[in-house]
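Asker: Fold the following, please.
(one chain, ligands or ions: 2)
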Amino acid sequence: MVIAVDGPSGSGKSSVCRAAASELGAAYLDTGAMYRAATWYCLQQEVGLDDHDAVEVAVEELPLNISTNPDHQVITVGQADVTEAIRDASISENVSAVATNPKARALLIASQRGIIDREGFIVAEGRDITTVVAPDAQVRVLLTASAEARLRRRGAQLGGTQDAEALKRQVLDRDTKDSAASNFTEAADGVAVLDSSDLSFQETVDSLISRVQLAQGART
Ligand SMILES: Nc1ncnc2c1ncn2[C@@H]1O[C@H](COP(=O)(O)OP(=O)(O)OP(=O)(O)O)[C@@H](O)[C@H]1O
Ligand SMILES: Nc1ccn([C@H]2C[C@H](O)[C@@H](COP(=O)(O)O)O2)c(=O)n1
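Answerer: Ligands and ions are numbered 1, 2, ... in the order given. Predicted coordinates for the structure are as follows:
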């Protein structure tokens, strides 16, 4: 069973899907982490992010390994453990340049489909999982939250280190740029909306799990 979840920045995709996968005993794929790792690699190789061909070459040779264990996420690029580094504000502010590069996207999407096929029972989250990567997933959810809730949550997550302008760049401005590559603000046909604005973290996890259990029941 494939559980596909999309949504804007700060809506809770990574944390909610990781917790749900852990409770369900499923694998977990953070596709945003793959775009972030690709961006880290381009910056490390001093590839100009506006140079589309150079970015494509870099993504083609990207020596990426991403774990699918929801309880132990490790992301490596070659010998470098980039699990923490890809969460840096410098990556958040540059990742859209890679995510909107069509050829880089096609390469990463192919890799994501390979991981999903290999795992079988998996929660995969990102921006285009319900629509492009796994449109045939048995559970398809658009996880949303108000802009105010998303900014507040991201601010708390970063320990109050970012001012309002930096948070806006990392959350709302990034959404605007990423919208050029995929539609994650409106649910496509057959995709259920889960609005977490007024839900606690655990209520949101429980809501996702109950949708999975409903789909599991429908299959037996
Ligand atoms: N329903 C909720 N109530 C309160 N806090 C939440 C809720 N859902 C998520 N959070 C918190 O909000 C923060 C942002 O969540 P998370 O990083 O999972 O978002 P995201 O959608 O994956 O963002 P991005 O796409 O930018 O990586 C985390 O600290 C998470 O614990
Ligand atoms: N399926 C996906 C996943 C992510 N992206 C882009 C959009 C984000 O700016 C970036 C990082 O994702 P995050 O870690 O914030 O979820 O990657 C995408 O285009 N498609």
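Asker: Which residues are in contact with the residue nearest to residue 107 when sequence neighbours are not counted?
Answerer: Of all residues not flanking residue 107 in the chain, residue 59 sits nearest, at 5.0 Å (C-beta to C-beta, 6 or more residues apart in numbering). (C-beta placed from N, C-alpha, C; glycine too.) If you count contacts by C-beta atoms under 8 Å, 6 or more residues apart in numbering, residue 59 has them with 38, 41-42, 98, 101, 103-104, 107-108.
Asker: Quickly note the distance from whichever residue of the chain sits closest to ligand 1 to residue 23.
Answerer: Closest to ligand 1 within the chain is residue 12: 2.8 Å, counting by C-beta to the nearest ligand atom. Distance, residue 12 to residue 23, by C-beta to C-beta, to the nearest Å: 15 Å.
Asker: With neighbour numbers in mind, choose between those two.
Answerer: Shown here are residue 12 and residue 23; by other C-beta atoms under 10 Å, residue 12 has more neighbours (24 against 14).
Asker: Helix or strand for the closest residue to residue 45 other than its chain neighbours, just tell me which one.
Answerer: In this structure, residue 45 finds its nearest non-sequential neighbour in residue 58, 5.8 Å apart by C-beta to C-beta, 6+ apart. Assigned by DSSP states H and E, residue 58 falls within helix 52-60.
Asker: That helix near ligand 2 at all?
Answerer: No. Using C-beta under 6 Å from any ligand atom, helix 52-60 never reaches ligand 2; the gap is at least 12.5 Å.
Asker: could you dump that helix to PDB, C-alpha only?
Answerer: Only the C-alpha atoms of helix 52-60 are listed here, as PDB (Å, rounded to 0.1, in the frame of the first residue of the first chain):
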ATOM      1  CA  HIS A  52      20.200  24.500 -15.900                       C
ATOM      2  CA  ASP A  53      22.500  22.100 -17.800                       C
ATOM      3  CA  ALA A  54      25.100  22.000 -15.000                       C
ATOM      4  CA  VAL A  55      22.500  21.400 -12.400                       C
ATOM      5  CA  GLU A  56      21.200  18.500 -14.500                       C
ATOM      6  CA  VAL A  57      24.600  17.000 -14.800                       C
ATOM      7  CA  ALA A  58      25.200  17.300 -11.100                       C
ATOM      8  CA  VAL A  59      21.800  15.600 -10.300                       C
ATOM      9  CA  GLU A  60      22.600  12.800 -12.700                       C
END
